[in-house]
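*Asks:* A structural model of the following input is requested.
(2 chains)
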Amino acid sequence: MPSGPLLLSQAFNGLALGTLLALVSSGLTIILGTLGVLNFAHGALFMLGAYAIFVIAGYTGSFVAGLILGSVFMLLVGIVLERGLIRWFYGRPPEDQILVTFGAGIIIVEGVRAVFGSGSQRVAGPDWGQGATQIGFLIYPTYRLQLIGIIAALLVALYLVLYRTSVGLVVRAGIEDARMVGILGINVRRAFLLVFAIGVTAAGLSGMFYAPIVSVAPDLGATFLVESFVVIVIGGLGSFPGAVVGGLIAGEIISITSAFNSAYSEVMLYAVMALLLVLRPQGLFGSEGRV
Amino acid sequence: MRGRPIPLLPEAALAAVLLAAPYVLPHAGVSFDVMQRVLVIGLLGLGFDLLFGATGLLSFGQAAFYGTGGFVTAYLLVNDVIGSVWIALVIGTLIAGVYGLIVGWLAVRRIGIYFAMITLAFGQMSFFLENSPLSAYTGGENGLPGVPVPHLGDYRITAGKPMYWLLAAMFLVGFIIARRILHSPFGAVLRAIRENAWRVSMVGHSVPAYKLAVFVIAALYAGLAGGMLGVFQSYMPPDAFGLDTSGDLVVQTVIGGVGTLIGPLVGATIWLGLRDNLQLIPGIGAAWKLVLGLIFVVLVVALKRGIIGEIRYLFSRRRQLAADANIPEETGVAADLPPRSLELPMSAPLIVARPNAPALRAIDVAKHYGGLHAVDGVSFDVRTGSIHAVIGPNGAGKTTLFRMLKDEITPTSGEVLLFGKRITGLGATRTAQLGIGKSNQLNQLFLDLTAAENLRISALARRRGTFRADLLRAATSIPAVEQQIAAVLQTVGLEHRADVPVHVLPYGEKRRLEIGIALSTGPNVLLLDEPLAGMSPAERVATRALIREIGRSRTLVIVEHDMDAIFELAERITVLYEGRLLADGTPEQIQRNQAVQDAYLGGLHEHEPA
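*Replies:* Okay, here's the model as predicted:
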């Protein structure tokens, strides 16, 4: 049985991982909910974000400049991807959409590999995130603490855009019935483009935040792709609150389990998903029959 | 078409290629290692193509079964649990199949996006299981080295040419079995599921059972392929479980051709060929997979058939053009066709719980959607052998009531009896098996199948029950089914379209095929939802004659807006208005009924000013 402090620090790790998963998954889920497209390139875009900050922060020497310019870059990538490829697939069967986004993911991963090689890169964290902070009896890396706060703020901002603005209203109506929104004379195509670009930027930003914690390599995104699938299956397909809560649950499952036996941390996540599929197949926040 | 044996040309061609390969390919610089690897992926791909190509289920988790088969086989051999490689392979394959049964049971409940995500997640779970908790048995990241080669008597089948022959023989047998499955009644249902799973369940096949069965078959193929992976290279690598194994298989299948069975093999050949040759070119060597990714996306966007698919398409189109020249053009819908006696060979066995019970009895059925009462407490009887019409203005609840008669949707309250037996709660598949057929307001056809194949799907249903794994017999080999198809084709006037893909048919013919599908289940009670919708006047006349004809041998219930047709055909009419029963009686009674007239005149009542 692990000690109390160990459990507590693992719970904190779970929170850090959980907020990150929540941000990645919310990008995936708003694209799925609005456009009906399951973006298999999402993991590759996460990785692309990490490389974006590697290049930009390396060039400018500023982590914050990397975040800002990197976000602009990811927005552009999202726009190009939607205009150039994804929008031709809205009317096609889901299998075709999966195949084309999967292919786009391969091209992104292999493109990065062709430019930067397969080796891993290190990204220096921001100056303001150095060192460790004492919280009670727990000493925790400062950057990870800040990350929890920053991502929480971003999720709140995303929530406000989706639930408190007219654009968000169009998006949420589009989730319910895109055709009807179009009939009402609202430009759904522009909303779709916007949602896709925001979703891609959410993935990219997650990659940028994560970059200083790990070594950055072309295969970085694969695990996050699958984990964010698990998150939205747990939370309910297309549900934004589901992605946030599901992300936190997934983060805690992985971290707490590894306090007991690290060999089972990932396995436990999938076991919980399997259990939920039997007991509540529509997920925690999903409604029956939507997908 | 009828009872024709499956042509064996593809098997013969494949055997010739496999025989020639070891004598030709080494001269082109292809090593035996590559050939063996391609055959292993090809074997894995046979199962995957049955799953994805035939049934339309896109799995991203085949690595789970590939790895399971491989590691079980390797573990048994490396640890001397079992001495015979053959027996170890059989056990590994079977355990992969059992694992497929468990994962499939969870995965096939969901379609499309969900199915792809769940299979991917289970694939990844298997990877982590192999890597950490089970690493004591699997060697974790090191895999299992020292897998022995099989013996045939005293002859060791060593890596290289002997192993090639073994793998080639396995692939050929696997291909023959897979192709037989495709052409079996079981395979016919699989292909129909890809086209329109909903209609398959409506005519009486258990769609989840078929999906689960093909999932297990794919897992068995994967298990055997995984076992051979360890055997041929004397080492079982952990990356068999990797995400890339499943993903690469998808890419290879799309490049080679989905639904062609040998697509994955061809795709793997191109994959390994590109890898080995591009890597020799300085500058772009590292980008070989980028090139593959681009090819893949171009194929998905533009050339959806893949390489083998395109070749097959070119051949079949030439044959089709020749055949088209012989098809008579739209032989008039034949308002003047002589009335034909309709005797279906496979007429429905009457399931009569109580002999004099009405064919269908609705007792106080209601369907509420939240506060909306689509149907609110409707009761009526349909007499055995009668033509019974349900009419009412738009929004009266006719279609909802119709769905409840077949238990397509289960009523909120009330129940439906078929010959005195309660059918409410059984679901549309069971009620089809009990003898309720239904044609739909909007056509629900299997568009890429021919007219005869469309009818075969429903004719097979009551013949075979909700599920049967008759994998190896030909779909066309059941005489009663073929006679049934011929009879229905004649009845609906589509004999000349028997071998034509349905998507090219004109609307009127599609409409008649829609009725034909319902009819060829051999139902006791046939529900027709707006059978005349969208038809030309001439077609209407012909279809009315057809309906009268059908009505001689079985009970018919019709929803229709064409009042002339209703009052000509129906012996009894039920009128719905705003979800309630307004009137029920003979056509004469209904015609005289004041409430019915009011409802059709727009809800004017005496007390309302006009």
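*Asks:* And the strands in the stretch 1-150 of chain A?
*Replies:* Remark: strands assigned in the stretch 1-150 of chain A by DSSP state E, counting those that start in this stretch are A:132-135, A:138-141.
*Asks:* Please name every helix or strand in contact with the first one.
*Replies:* For strand A:132-135, the contact count by 3 or more CB pairs under 8 Å, 6 or more residues apart in numbering or on different chains; DSSP states H and E identifies strand A:138-141, helix A:142-164 as packing neighbours. Where you see a C-beta, it was placed from the backbone N, CA and C, and this is true even at glycine.
*Asks:* Can you check which of those gets nearest to chain B?
*Replies:* Chain B lies closest to helix A:142-164 among the helices and strands packed on strand A:132-135, at 20.8 Å (CB to the nearest CB).
*Asks:* and the closest one, which residues are buried?
*Replies:* A:Tyr143, A:Arg144, A:Leu145, A:Gln146, A:Leu147, A:Ile148, A:Ile150, A:Ile151, A:Leu154, A:Leu155, A:Leu158, A:Leu162 (16 or more other CB atoms under 10 Å in any protein chain shown).
*Asks:* next SSE after that helix?
*Replies:* Helices and strands here follow DSSP states H and E; after helix A:142-164, the next one along the chain is helix A:166-183.
*Asks:* and that next one, is it in reach of chain B?
*Replies:* No: Helix A:166-183 lies out of reach of chain B by CB under 8 Å from any CB of the partner chain, never closer than 14.2 Å.
*Asks:* and that helix, how far out from the chain's middle?
*Replies:* From the chain centre to the centre of helix A:166-183 is a distance of 23 Å (CA atoms, centre = their mean, to the nearest Å).
*Asks:* so the helix or strand just after that helix versus helix A:166-183, what angle?
*Replies:* Sequence-wise, the next helix or strand downstream of helix A:166-183 (DSSP H and E) is helix A:188-210. Angle of helix A:188-210 versus helix A:166-183, following axes from the mean of the first three to the mean of the last three CA atoms, to 10 degrees, is 140 degrees.
*Asks:* Run through the neighbouring helices and strands of the helix or strand following helix A:188-210.
*Replies:* The C-terminal neighbour of helix A:188-210 among helices and strands, as given by DSSP H and E, is helix A:220-235. Counting contacts by 3+ CB pairs under 8 Å, 6+ apart, helix A:220-235 is packed against helix A:4-35, helix A:42-60, helix A:94-116, helix A:188-210, helix A:240-261, helix A:265-279, helix B:112-131.
*Asks:* With B:Glu453 as the reference, name the closest of those helices.
*Replies:* B:Glu453 lies closest to helix A:94-116 among the helices and strands packed on helix A:220-235, at 21.7 Å (CB to CB).
*Asks:* so what's whatever residue of the stretch 451-600 of chain B ends up closest to chain A closest to, chain neighbours aside?
*Replies:* Nearest residue of the stretch 451-600 of chain B to chain A (CB to the nearest CB) works out as B:His503 at 15.1 Å. Spatial nearest neighbour of B:His503, chain neighbours left out: B:Leu447 (4.1 Å); criterion: CB to CB, 6 or more residues apart in numbering or on different chains.
*Asks:* For the helix or strand containing B:Gln484, what is the distance to the chain centroid?
*Replies:* B:Gln484 belongs to helix B:479-491 when elements are defined using DSSP H and E. Mean-position distance between helix B:479-491 and its chain equals 21 Å (CA atoms, centre = their mean).
*Asks:* same deal with stretch B:397-414?
*Replies:* Per CA atoms, centre = their mean, the centroid offset for stretch B:397-414 relative to its chain is 25 Å.
*Asks:* for stretch B:499-508, same thing?
*Replies:* Chain-centre distance of stretch B:499-508: 19 Å, with CA atoms, centre = their mean.
*Asks:* in that stretch, what's buried?
*Replies:* Those would be B:Val500, B:Pro501, B:Val502, B:Leu505, B:Gly508, for stretch B:499-508 by 16+ other CB under 10 Å.
*Asks:* Need the distance between the two termini of it.
*Replies:* Stretch B:499-508 has an end-to-end distance of 17 Å (CA to CA, to the nearest Å).
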